[in-house]
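Undergrad: quick one, fold the following:
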Amino acid sequence: MQEWFIWPVSKTERVVRLTQVQILSPPLSKRKIKTGNALMYKNLLISVVIPCLNEEHGITKVLSQMPIFVDEVIVINNNSTDNTVINAQKYNARIINVAKKGYGKALKAGIKAAKGKVIITMDGDGTYSPKAIKNIIAFLVSNSLDFVSTNRLNREYKNYYPRVHLFGNKLLSLLVLVLFKRNISDILSGMMCFRSKIFPLLTLNEEDMSFSEEIKLEALTNSRIKFAQYPIEFSYHDRLGTTKLNLFKDGIKACAYLLNAKLNRSRLRR
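TA: Residues are numbered from 1 along each chain as shown. All right, here's what the predicted structure looks like:
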């Protein structure tokens with residue numbers, strides 16, 4: 001497994017302001033950690049944030065596998081019209097309603113509302129396994145990291161990744177390397193782990209899928225944030241429900257975001 005850490009890059013700090021957020025149900029009650037590595041999580045409240053748009057089947061699968069040591073699960077209902085909220089409430093998840101659709105808008109709302117010192121983000125479609133959460137947090141804590149981006153394209157699991165998606169991710173990784181002189185293998189991964197204290201250090205403007213690139217790029221290029229990657233198990237075959245992505249359209253937008261981000265940063269340095 002490879003790890004990449006950041007080096008100094010200057011930037012203006014800004015706290016993201018959120019609107020159109022309505023908390024609908026109370027958070028999970030505090031649960032005691034019951035794992036063999038309990039001392040590792042001492043004084044670390046763990047929040048899992050899951051944005052959802054019509055994921056009634058996937059969210060049931062995800063929440064049913066949530067580790068017992070997770071203190072808070074936040075499901076962001078991004079204008080779902082199915083039983084996503086009802087199914088999430090069955091597992092005592094904290095529901096936040098965000099009326100305006102947008103992956104980034106939903107995630108920012110959930111992250112801002114989270115009470116945890118460590119925050120995990122993941123999708124509600126069943127493609128990311130909650131079983132990985134324990135090892136990701138252990139990696140973050142044991143290496144004194146601030147931000148861990150998961151890598152779905154590692155040697156063990158990349159054979160389960162569609163080739164067209166694999167090509168697109170490699171293209172994006174190449175763009176990040178050329179434009180920002182940074183190495184990252186999977187900038188579109190939806191599973192991230194970071195300390196809540198670093199969130200105000202990130203300048204986050206994107207409200208759609210580009211948010212996934214933006215938050216990692218912001219963390220990766222911030223001199224005060226220790227960043228690394230961690231390999232996880234991932235399979236598109238495990239997805240439940242209908243995908244919200246348009247392969248061609250979103251692929252073009254992902255490339256365009258990186259080019260615009262580089263251009264905007266160049267302007268700020270003038």
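Undergrad: just read off the phi/psi values of the residue nearest to R195 when sequence neighbours are not counted.
TA: Of all residues not flanking R195 in the chain, D146 sits nearest, at 5.2 Å (CB to CB, 6 or more residues apart in numbering). The way it works is simple: take the backbone N, C-alpha and C, and place the C-beta from them, glycine included. Per-residue torsions, D146: phi -110, psi -30 (degrees, to the nearest 10).
Undergrad: look at A113 and say how many residues are nearby.
TA: 18 (other CB atoms under 10 Å).
Undergrad: should've said V75
TA: 31.
Undergrad: is it true that it lies in a strand?
TA: Yes - counting by DSSP: H, G, I helix; E, B strand; the rest coil, V75 is found in a strand.
Undergrad: which residues touch it?
TA: I50, C52, I59, L63, T84, V85, A88, A93, R94, I95, I96, G124 (CB atoms under 8 Å, 6 or more residues apart in numbering).
Undergrad: one more: K101?
TA: K101 sits in contact with L53, N78, N79, where contact means CB under 8 Å, 6+ apart.
Undergrad: how many residues are close by the closest residue to the first one other than its chain neighbours?
TA: Distances taken as CB to CB, 6+ apart place N78 nearest to L53, at 4.5 Å, with adjacent residues excluded. Neighbours of N78 under the rule other CB under 10 Å: 26.
Undergrad: for N78, give me phi and psi.
TA: phi -90, psi 60.
Undergrad: surely it and A106 touch.
TA: Yes - with contact defined as CB atoms under 8 Å, N78 reaches A106; the gap is 4.3 Å.
Undergrad: which neighbours do the two share?
TA: Counting by CB under 8 Å, 6+ apart, the residues touching both N78 and A106 are P51, C52, L53, V98.
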